[in-house]
Structure formats: C-alpha cells, structure tokens
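In: when you get a sec, could you give me coordinates for this:
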Amino acid sequence: MFILRGDSGFGTPAMYDACEQLHIQYTIGIGMNARLKKTQRFPAEQAVLQWEATGQPQRLFTAFLVSG
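Out: Residues are numbered from 1 along each chain as shown. Just a heads-up that it's a prediction; the model follows:
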C-alpha cells in the first residue's frame, strides 16, 4: 500500500488522476481561498480563546464536505 502526502503544490488534476488510477491513498493540502476562510473562522476563533485561557499553543482540526 502506498500513501502520498503532499502540500498544495502537488494538488493538480494530473496528480489526483494518477493517484486514483494507481489506487494510491493520498492526502494533499489545498491553498487558502475565500470559501475556505469562511469554514476556518470558528476553529481559528476557538484556538485564540483557548490560547488566551491556557497560554499554550493550540491545534484544532475540522472537516467539511466538498460538493462539485
């Protein structure tokens, strides 16, 4: 089993197609845009509140569905 992990620079249609055709599992970052910024607003605000309360760095994760 192969798993590919890459930053947004690898996120090209050709790379996605190749991974799908070769049955390679992949995690590829995507560049920030206005639509993503809207989905990230709550976790970012929550991280700031937690940092202010604890003084410790915070790392929060979220997930969302992408529709065509």
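In: count of neighbours near G6?
Out: 13 (other C-beta atoms under 10 Å). All C-beta atoms are positioned from the backbone trio N, CA, C, and that covers glycine.
In: next: L60.
Out: 12.
In: state the pLDDT value of it.
Out: Model confidence at L60, given as pLDDT, is 85.
In: now S67
Out: S67 is assigned a predicted lDDT (pLDDT) of 69.
In: for this structure, which segments count as strands?
Out: Using DSSP state E, the strands assigned to the chain run over residues 3-6, 25-28.
In: give me the pLDDT value at the residue nearest to L22 when sequence neighbours are not counted.
Out: Spatially, and ignoring its direct neighbours in sequence, L22 is nearest to F2 (7.7 Å; C-beta to C-beta, 6 or more residues apart in numbering). Among the per-residue scores, F2 holds a pLDDT of 88.
In: burial measure for F2, as a count.
Out: Here the number of neighbours of F2 (other C-beta under 10 Å) works out to 9.
In: separation between it and I24?
Out: When C-beta to C-beta, to the nearest Å is applied, the distance between F2 and I24 equals 5 Å.
In: likewise L60?
Out: Counting by C-beta to C-beta, the gap between L60 and I24 amounts to 28 Å.
In: repeat for R35
Out: R35 sits 27 Å away from I24, going by C-beta to C-beta.
In: looking at these two, which is more packed in?
Out: Counted by other C-beta under 10 Å, R35 and I24 do not tie: I24 has more neighbours, with 13 against 10.
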